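**Student:** Fold the following and give me the result.
(chains A and B)
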Amino acid sequence: MMSSIMRESHIMKIHYLTALVAVGFVIIHIMIRFTHGSFANSLEFESVIANYKSIPYAVVLEAMLILISVHGFNGLRIILLELKQGNAYERAVTYGCLAAMIALIAYGSRTIIMASMGMVEA
Amino acid sequence: MDKDRKEGIKGMANPGRYGIERVAYWLMRITGLGLLFYFIGHIYETSSLLDGKAAWNSMLELTQTTEGHIFLTLVIGMCVFHTGNGIRLMIAQAGFGFGKPRRPDYPYTPSSLNMKNKLCIYVSIGLAALAMMYGLGVMYDV
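**Tutor:** Purely as a prediction, here's the structure:
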């Protein structure tokens, strides 16, 4: 159970903190779209690659990936624990959400690192 | 009374019985799950960037449709409501906006379910609707 690793009150503080910081990063992420003129222009391949090659923006994307993954999968864990309780179930939900969170962060980080290093097929 | 007890989890989940607070409870969970699924999809969608321009453009075509724009508009609405209501919940959990503790007298109206909290829920819904309209305008270059 997560409670054996960390107190639920601490997990909730992390849940709230990740939400507040993520809101700031999401605002930056959306504002960057507007620097390209129109919404359609901002989604052009060259524009998106240029975004990833900017190191500060790549750091923002990585931070956003981690914060939203932690917040999202902890939220899913809370919803699932509201529906049903029990040691085995709670352990399965907690470790399942933790594994999914790590997998999503790893997959998203792969995209950010490879795109920022220019490892993109021509 | 017996009927109430027989309802079980359906009674707890009924959004029509306990007012806007129960509606907010369900909207918070539904929007949270919706945003998590969108986020997973968004991570997968952006990974197509690594396969080159053609792969990126074909993935983008899926979202540049009327259905895609409607979906993105819903995502904007979910995001704004989840943020607004989430901030309300954080403030409430910190102990603000609950009113003062008092003796429970008939008709036992809980002071925690007050107009301040109700207003915050309605404002969150209103802001979500405004953001959805603005998002539609941006997507259609209006």
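
**Student:** Can you show me the strands along chain B?
**Tutor:** Counting by DSSP state E, chain B has no strands to list.

**Student:** Helices along that one, start to end?
**Tutor:** B:2-7, B:9-13, B:20-47, B:53-63, B:66-93, B:115-139 (DSSP state H).

**Student:** And these: which comes nearest residue B:106?
**Tutor:** Residue B:106 sits nearest to helix B:2-7 of all the helices of chain B, at 19.2 Å, using Cβ to Cβ. All C-beta spots, glycine's among them, are computed from the backbone N, C-alpha and C.

**Student:** hang on, the earlier thing: is it possible to get CSV of the helices of chain B that adds mean pLDDT and mean neighbour count?
**Tutor:** Shown next, in CSV, are those (pLDDT from 0 to 100; neighbours: other Cβ atoms under 10 Å in any protein chain shown):
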stretch, mean pLDDT, mean neighbour count
helix B:2-7, 64, 8
helix B:9-13, 73, 10
helix B:20-47, 95, 17
helix B:53-63, 92, 14
helix B:66-93, 95, 18
helix B:115-139, 94, 16
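
**Student:** Any chance of a markdown table for these, columns distance to residue A:115?
**Tutor:** Below are the helices of chain B laid out as a markdown table (distance: least, Cβ to Cβ, whole Å):
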| stretch | distance to residue A:115 |
| --- | --- |
| helix B:2-7 | 52 |
| helix B:9-13 | 43 |
| helix B:20-47 | 8 |
| helix B:53-63 | 11 |
| helix B:66-93 | 22 |
| helix B:115-139 | 24 |
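
**Student:** Tabulate those helices (CSV), appending distance to chain A.
**Tutor:** Formatted as CSV, the helices of chain B follow (distance: least, Cβ to the nearest Cβ, whole Å):
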stretch, distance to chain A
helix B:2-7, 16
helix B:9-13, 8
helix B:20-47, 4
helix B:53-63, 4
helix B:66-93, 5
helix B:115-139, 5
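
**Student:** These: which one's closest to residue A:26?
**Tutor:** Across the helices of chain B, closest to residue A:26 is helix B:66-93 (Cβ to Cβ), at 7.5 Å.

**Student:** quick one: the closest one to helix B:20-47, angle?
**Tutor:** Per axes from the mean of the first three to the mean of the last three Cα atoms, to 10 degrees, the angle that helix B:66-93 makes with helix B:20-47 is 130 degrees.
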